[in-house]
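Novice: Sequence first, then the predicted structure, then my questions.
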Amino acid sequence: MDIEILGPLIVRVSGQPVRLGPALRVLLLALLCARGDLVPAARLAGMLSETGTSRGAPATLRSHVSHLRRALGDATRAEHGHASAVSLLTDNVGGATAYALRVNSDRVDASRFEAGVAAGMRELHHGRFDSASEMLRAAVALRRGKPLADVADRAFAQAEIVRLEGSYRTGRLAQVQADVQRGLHRAVIGELEAMTDLWPDDEMVSLLLVTCLYRSGRSAEAARVCRAAIEITLEHGLDPRRLTALQFDVLSGSLPLAGLPHLPSAPLASHAVTPAG
């Protein structure tokens, strides 16, 4: 079984897509966001309700759980003495029914994405820029759209969405940083300009873009981008010292043609959804 949540939900069992109705999609994602913890039935019913209330929902919830088990089919059954990749559990907590979804981490694209970003960051840290770029590019390519798109408006999904978006941003920036360290300054300018549109107040994006423009013979444009980034930084009440130091090097023509002297250490990747197992 494979579950893809880096975009609209896709579930495959034995390589074949599983069709899930809207309620079952929400149920699966709500349980997945709980990271293998038991979720009381009343709380889970509230998550499934459009109004956020659970009035009259227990029987409906039991029906949805039963239908989800049936839809997942073979994936929830052990084979040849091995534990199943997916377990949809029913238990009792404090006298009340509760449910949990346990999924092997390698069966969820978000977990593979997180592992890929972490591995690429380690390669980057150790100066292995070719392998870092390859790993990070493969990891960020797993994203098909807004993570948890089916439940993007649900309160229970917000923390995971923020975490996944942060990890994606970290991965993309680290991948470009690796490419810059490989000397691919011209090749990444378009990608950095697109990132500027997405994240106009991100200092790391500005530092990388200015550096690449300068090293591509576009020093006047690099100076303009740097000045605009300094203004945005000041508007947000943040410290522009790295940008002003970079601006000085650009204007004086003293920016080194290799390395990334003005960049802070790359941030650690954010944690994505990490299912049990």
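Specialist: That came in fine, so what should we check first?
Novice: ranges for the strands of the stretch 51-200 of the chain?
Specialist: 86-93, 96-103 (DSSP state E, counting those that start in this stretch).
Novice: Lowest mean pLDDT across these, which one is that?
Specialist: When the strands of the stretch 51-200 of the chain are ranked by mean pLDDT, strand 86-93 comes last with a mean of 87.
Novice: And that one, what's buried?
Specialist: Within strand 86-93, the residues scored as buried using 16 or more other Cβ atoms under 10 Å are 86-88. In short, each C-beta sits where N, CA and C put it, glycine included.
Novice: same check, this time on stretch 138-147
Specialist: 138-140, 142-143, 147.
Novice: from the chain's centre, how far out does stretch 115-123 sit?
Specialist: From the chain centre to the centre of stretch 115-123 is a distance of 13 Å (Cα atoms, centre = their mean, to the nearest Å).
Novice: What is the longest helix seen in the chain packed up against?
Specialist: Ranked by number of residues, the top helix in the chain under DSSP state H is helix 158-181. Counting contacts by 3 or more Cβ pairs under 8 Å, 6 or more residues apart in numbering; DSSP states H and E, helix 158-181 packs against helix 109-125, helix 129-140, helix 185-198, helix 203-215.
Novice: center of this protein - which residue?
Specialist: Leu164 (2.7 Å; Cα atoms, centre = their mean).
Novice: got the angle between the strand or helix carrying Leu246 and helix 203-215?
Specialist: If you go by DSSP states H and E, Leu246 is part of helix 241-252. With axes from the mean of the first three to the mean of the last three Cα atoms, to 10 degrees as the basis, helix 241-252 and helix 203-215 are set at 10 degrees to each other.
Novice: Need the residues that contact helix 241-252.
Specialist: Counting by Cβ atoms under 8 Å, 6 or more residues apart in numbering, helix 241-252 makes contact with 203, 206-207, 210-211, 214, 219, 222-223, 226-227, 229-230, 233, 254-256, 261-264, all of which sit outside it.
Novice: Give me the buried positions along it.
Specialist: Neighbour-count burial for helix 241-252 [16+ other Cβ under 10 Å]: 242-243, 246-247, 249-250.
Novice: and the two most separated of the residues you listed?
Specialist: Longest distance between any two of the buried residues of helix 241-252 is 12.6 Å, between Arg242 and Val250; criterion Cβ to Cβ.
Novice: most tightly surrounded among the helices and strands packed on helix 158-181?
Specialist: Stretch with highest mean neighbour count among the helices and strands packed on helix 158-181: helix 203-215 (a mean of 24; mean count of other Cβ atoms under 10 Å).
Novice: Low-confidence ranges, the stretch 51-200 of the chain, go.
Specialist: Within the stretch 51-200 of the chain, the stretches with pLDDT under 70 are 51-57, 74-84.
Novice: Now do stretch 101-112: distance from first to last residue.
Specialist: End-to-end distance for stretch 101-112: 18 Å, by Cα to Cα, to the nearest Å.
Novice: Oops, could you answer that again for stretch 238-258 instead?
Specialist: Stretch 238-258 end-to-end distance (Cα to Cα) = 27 Å.
Novice: how far out from the middle of the chain is the longest helix of the chain?
Specialist: Chain-centre distance of helix 158-181: 7 Å, with Cα atoms, centre = their mean.
Novice: Report the buried residues of that helix.
Specialist: Neighbour counts over helix 158-181 (16+ other Cβ under 10 Å) mark 160-161, 163-165, 167-181 as buried.
Novice: Could you export that helix as PDB, CA atoms only?
Specialist: This file holds the C-alpha atoms of helix 158-181, laid out as PDB (Å, rounded to 0.1, in the frame of the first residue of the first chain):
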ATOM      1  CA  GLN A 158      -3.100  22.900   9.800                       C
ATOM      2  CA  ALA A 159       0.000  22.000  11.800                       C
ATOM      3  CA  GLU A 160       1.000  19.200   9.400                       C
ATOM      4  CA  ILE A 161       0.500  21.500   6.400                       C
ATOM      5  CA  VAL A 162       2.700  24.100   7.900                       C
ATOM      6  CA  ARG A 163       5.300  21.500   8.700                       C
ATOM      7  CA  LEU A 164       5.300  20.000   5.200                       C
ATOM      8  CA  GLU A 165       5.400  23.400   3.500                       C
ATOM      9  CA  GLY A 166       8.300  24.400   5.700                       C
ATOM     10  CA  SER A 167      10.200  21.200   4.800                       C
ATOM     11  CA  TYR A 168       9.500  21.700   1.100                       C
ATOM     12  CA  ARG A 169      10.900  25.300   1.300                       C
ATOM     13  CA  THR A 170      14.000  24.100   3.200                       C
ATOM     14  CA  GLY A 171      14.500  21.300   0.600                       C
ATOM     15  CA  ARG A 172      14.200  23.600  -2.400                       C
ATOM     16  CA  LEU A 173      16.600  26.200  -1.000                       C
ATOM     17  CA  ALA A 174      19.100  23.600   0.000                       C
ATOM     18  CA  GLN A 175      19.000  22.000  -3.500                       C
ATOM     19  CA  VAL A 176      19.600  25.400  -5.100                       C
ATOM     20  CA  GLN A 177      22.400  26.100  -2.600                       C
ATOM     21  CA  ALA A 178      24.100  22.800  -3.600                       C
ATOM     22  CA  ASP A 179      23.800  23.800  -7.300                       C
ATOM     23  CA  VAL A 180      25.300  27.200  -6.600                       C
ATOM     24  CA  GLN A 181      28.200  25.400  -4.800                       C
END
